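Q: A structural model of the following input is requested.
(chains A and B)
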Amino acid sequence: MSDVYVVGVDMIKFGRFPDRTVPQIGAESALLALDDAGLTIQDMQALYCGNLGQANAMVGQRILQEIGQTGVAVVNCANACATGATAFREAWMSIKAGVYDCVLAVGVEQMGKGLLGGAGGGAGIPKEGLLGSGTMPAVFAEAGMEHARHYGTTFEQFAKVSVKNHHHSTLNPKAMYQIETPLETVMNAEMISYPNTKLMCSVNVDGSAAAVLVSEKKAKELGMQRAVRIKASVLASDPFTDRDLVMPDVNAVTRIAAKQAYEMAGLGADDIDLVELHDCFATAEILHYENLGLCADGEAGRMIDDGEVALGGRVPVNVSGGLLSKGHPLGATGIANIYEVCTHLRGEAGGRQVEGARIGLTHVIGLGSACGIHILEKVA
Amino acid sequence: MSNHNDGVAASGPLPVVPFLKGADGQDPFLEGHECGGCGAIFLGARTTCSKCGARDQMVAKRLSNQGKLYSYSIVFRSFPGIEVPYISAIVDLEGGGTVKGNLIGIEPDPSHLSFDMPVEVVFADALGRKDADGNSYLSYFFKPAA
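A: Here you go, the predicted model:
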């Protein structure tokens, strides 16, 4: 089977665009990715589109209605916050299967402001604040407190994740925010759900990201100079664990996906030069250092304390600024993090460049649950 | 499934969730369903086990009112109209079953909370919340064990 390559990838600067439509926002990054590849929409044999908010409204076709109605196959994907990664992986599979040589993946989202989630629903009375909380900050706080239970992880250690990622985003012009947030600012921000303060919650923004994926044959035709090889593409769902149906277990699903990804790539966690992982809340990032094997179980607090995951550290995590500061447009996130890693592998990340980066990993979690992991390798 | 009763209020309180049994009597309790194949415990009736895949081996089981605090968050910002702060608690019950709910009767402050602190399940009106037909509901809560 052919290896699959990314030959064009880009994202728009994340922000709030209430006057634009979802297809317009998606079309912008699609055109940027095509330009990056030196190709046109007429060269694309299929489109894989990820969007959550309008999952029943043919967003992929409406993007082509903006930029070129070529009659190709369009698949619309929804998989919670793993939506973009799922669309990208469908594109990868179509080439891996030998069906196409050149396809486009787009992830796009237009978000409102405010809390996501909520307990219960259905008949009867509202359950939020009666049977605990189903808000996302609380759900991921509970997951973080499980780590605190096992390893004594502190509020301050969780807060340091936000300090780091906000610092990284000051070097990323496409991030929503470029502001430093010192530790005391993070810890004294409005408490949303202990231990997550407002600055430890991802930013609801609008955005899109897109990638052009090609077969090895096509990549050789186009020239390999800026091509990035997809070494692993994995999607997992939540396995049965004792509390998963009451307290979504984002750890077990990530560990399944990580194990499969390292096996598919023939690599280990020690080979990874940078990671973009799903920091939807500061508490979540800590869990995934261990879930992805970046450190041993129980070492995540030490990792953030020692700066190992900061730019310049042993394995920089979320140098884009992450969901906490770059922003989290749900359907776009799983392709935006692939853009970030590819940009480093191409040596084009400017002030935030991870020097000598050859292999990077992206990770997303869709609660409920899905985990998507991609491992990407520099070619030239 | 609907709890609505054709627009007519029920005589007693309705259960806040289907796995709260005996809401209109003197002895309400939480009910789990235990898989005869592998022992996994679920909240609510079901026919197939998502741990081992066994079919038609679920047995209803009265869950304990005693448990321990497994994890929690203290919620300071919720949806409009929801009173804050409150403790959203994950509790492991003695003999099996994990349940999420509000932990009451203790300060919503991390310095007052400890992992594995013993709690008990108590039953009370659902904070005055009523449905569109005017029905009141019986809910469950956790409180520190005496």
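
Q: alpha carbons only for contacts and neighbour counts from here, please
A: OK.

Q: and residue A:111, how far is that from chain B?
A: 17 Å (CA to the nearest CA, to the nearest Å).

Q: so who does the closest residue to chain B within the stretch 251-380 of chain A touch?
A: When scored by CA to the nearest CA, the stretch 251-380 of chain A has residue A:283 as its residue closest to chain B, at 11.4 Å. Applying CA atoms under 8 Å, 6 or more residues apart in numbering or on different chains, we find residue A:283 in contact with A:140, A:141, A:143, A:144, A:158, A:195, A:196, A:200.

Q: Take those and keep only those in helices.
A: A:140, A:141, A:143, A:144, A:158 (DSSP state H).

Q: Distance of the first one relative to chain B?
A: This means residue A:140. Between residue A:140 and chain B the computed distance is 9 Å (CA to the nearest CA).

Q: Could you report the neighbour count for that residue?
A: Neighbours of residue A:140 under the rule other CA atoms under 10 Å in any protein chain shown: 28.

Q: Please identify which helix or strand holds residue A:377.
A: Residue A:377 is part of strand A:370-378 when elements are defined by DSSP states H and E.

Q: ok, that strand: who's next to it in the sheet?
A: Using DSSP bridges, the strands paired with strand A:370-378 are strand A:228-237 (antiparallel), strand A:359-366 (antiparallel).

Q: quick one, phi/psi of the residue nearest to residue B:12 when sequence neighbours are not counted?
A: Leaving aside its sequence neighbours, residue B:12 sits nearest to residue B:24 (CA to CA, 6 or more residues apart in numbering or on different chains; 5.2 Å). When read as degrees, to the nearest 10, the backbone of residue B:24 gives phi -100, psi 10.

Q: how near is the closest residue to residue B:43 other than its chain neighbours to residue A:65?
A: In this structure, residue B:43 finds its nearest non-sequential neighbour in residue B:32, 4.7 Å apart by CA to CA, 6+ apart. The gap separating residue B:32 from residue A:65 is 51 Å, by CA to CA, to the nearest Å.

Q: quick one, which of the two is more surrounded?
A: Counted by other CA under 10 Å, residue B:32 and residue A:65 do not tie: residue B:32 has more neighbours, with 25 against 14.

Q: show me the residues around the more buried one that make contact.
A: By CA under 8 Å, 6+ apart, residue B:32 lies in contact with B:19, B:41, B:42, B:43, B:44, B:45, B:60, B:61, B:62, B:63, B:97.

Q: same thing but at 6 Å, please
A: Neighbour list for residue B:32: B:42, B:43, B:60, B:61 [criterion: CA atoms under 6 Å, 6 or more residues apart in numbering or on different chains].

Q: Would you mind checking those for buried ones?
A: Among the contacts of residue B:32, those buried by neighbour count (16 or more other CA atoms under 10 Å in any protein chain shown) are B:42, B:43, B:60, B:61.

Q: mean confidence for whatever helix or strand the third one lives in?
A: Secondary-structure assignment from DSSP H and E places residue B:60 in strand B:58-62. For strand B:58-62, the per-residue pLDDT values average out at 97.

Q: So which elements touch that strand?
A: strand B:29-35 (3 or more CA pairs under 6 Å, 6 or more residues apart in numbering or on different chains; DSSP states H and E).

Q: elements contacting whichever helix or strand comes after the strand it packs on?
A: For strand B:29-35, the following helix or strand on the C-terminal side (DSSP H and E) is strand B:41-43. Packed against strand B:41-43 by the contact rule (3+ CA pairs under 6 Å, 6+ apart) you find strand B:29-35.

Q: Taking strand B:58-62 as reference, get the angle to the strand it packs on.
A: Interaxial angle of strand B:29-35 relative to strand B:58-62 (axes from the mean of the first three to the mean of the last three CA atoms, to 10 degrees): 150 degrees.

Q: buried ones in strand B:29-35?
A: B:29, B:30, B:31, B:32, B:33, B:34, B:35.

Q: That strand pairs with which strands?
A: strand B:20-21 (antiparallel), strand B:41-43 (antiparallel), strand B:58-62 (antiparallel).

Q: Give me the contact list for the longest one.
A: Counting contacts by CA under 6 Å, 6+ apart, the residues outside strand B:58-62 that touch it are B:31, B:32, B:33, B:34, B:35, B:36.

Q: how about the CA coordinates for that strand, as CSV?
A: Taking Å, rounded to 0.1, in the frame of the first residue of the first chain, the C-alpha atoms of strand B:58-62 are listed here in CSV:
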residue,chain,number,x,y,z
MET,B,58,-28.9,-8.5,33.4
VAL,B,59,-30.2,-8.8,36.9
ALA,B,60,-31.7,-5.9,38.8
LYS,B,61,-29.7,-5.1,41.9
ARG,B,62,-30.5,-2.7,44.7
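
Q: Helix or strand next in line after it, which one?
A: Once the chain leaves strand B:58-62, the next helix or strand it forms, by DSSP H and E, is strand B:66-75.

Q: Which positions in the stretch 1-150 of chain A make contact with chain B?
A: A:123, A:124, A:125, A:130, A:131, A:132, A:133, A:138, A:141, A:142, A:145, A:146 (CA under 6 Å from any CA of the partner chain).

Q: hmm, try it at 10 Å
A: Proximity of the stretch 1-150 of chain A to chain B (CA under 10 Å from any CA of the partner chain) is limited to residues A:114-120, A:122-135, A:137-150.

Q: From those residues, list the buried ones, please.
A: Using 16+ other CA under 10 Å as the threshold, A:118-120, A:124-135, A:137-149 are the buried ones among the residues of the stretch 1-150 of chain A next to chain B.

Q: Looking at these, which are in helices?
A: A:137-149.

Q: Mind putting those residues into a markdown table with pLDDT?
A: As requested, those are exported to a markdown table (pLDDT from 0 to 100):
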| residue | pLDDT |
| --- | --- |
| A:137 | 98 |
| A:138 | 98 |
| A:139 | 98 |
| A:140 | 98 |
| A:141 | 98 |
| A:142 | 98 |
| A:143 | 98 |
| A:144 | 98 |
| A:145 | 98 |
| A:146 | 98 |
| A:147 | 98 |
| A:148 | 98 |
| A:149 | 98 |
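
Q: Burial check on residue A:296, number of neighbours?
A: Neighbour number of residue A:296 under other CA under 10 Å is 12.

Q: Which element, helix or strand, includes it?
A: Using DSSP H and E, residue A:296 falls outside every helix and strand.

Q: What backbone torsions are found at the nearest residue to it once chain neighbours are set aside?
A: Closest residue to residue A:296 apart from its sequence neighbours, by CA to CA, 6+ apart: residue A:290 at 5.9 Å. When read as degrees, to the nearest 10, the backbone of residue A:290 gives phi -80, psi -40.

Q: ok, and the closest non-adjacent residue to residue A:349?
A: residue A:343 (5.5 Å).

Q: Please settle this for me: is the one you found part of a helix?
A: Yes: checked against DSSP: H, G, I helix; E, B strand; the rest coil, residue A:343 lies within a helix.

Q: Contact partners for it?
A: Listed by CA atoms under 10 Å, 6 or more residues apart in numbering or on different chains, the contact partners of residue A:343 are A:9, A:10, A:226, A:228, A:337, A:349, A:350, A:353, A:354, A:357.

Q: How about residue A:194?
A: Residue A:194 touches A:137-138, A:140-142, A:144-145, A:155, A:283, B:72-77, B:87, B:108-110, counting by CA under 10 Å, 6+ apart.

Q: now do 8 Å
A: Here residue A:194 is in contact with A:138, A:141, B:73, B:74, B:75, B:76 (CA under 8 Å, 6+ apart).

Q: Over to residue A:249?
A: By CA under 8 Å, 6+ apart, the neighbours of residue A:249 are A:143, A:238, A:241, A:243, A:369.
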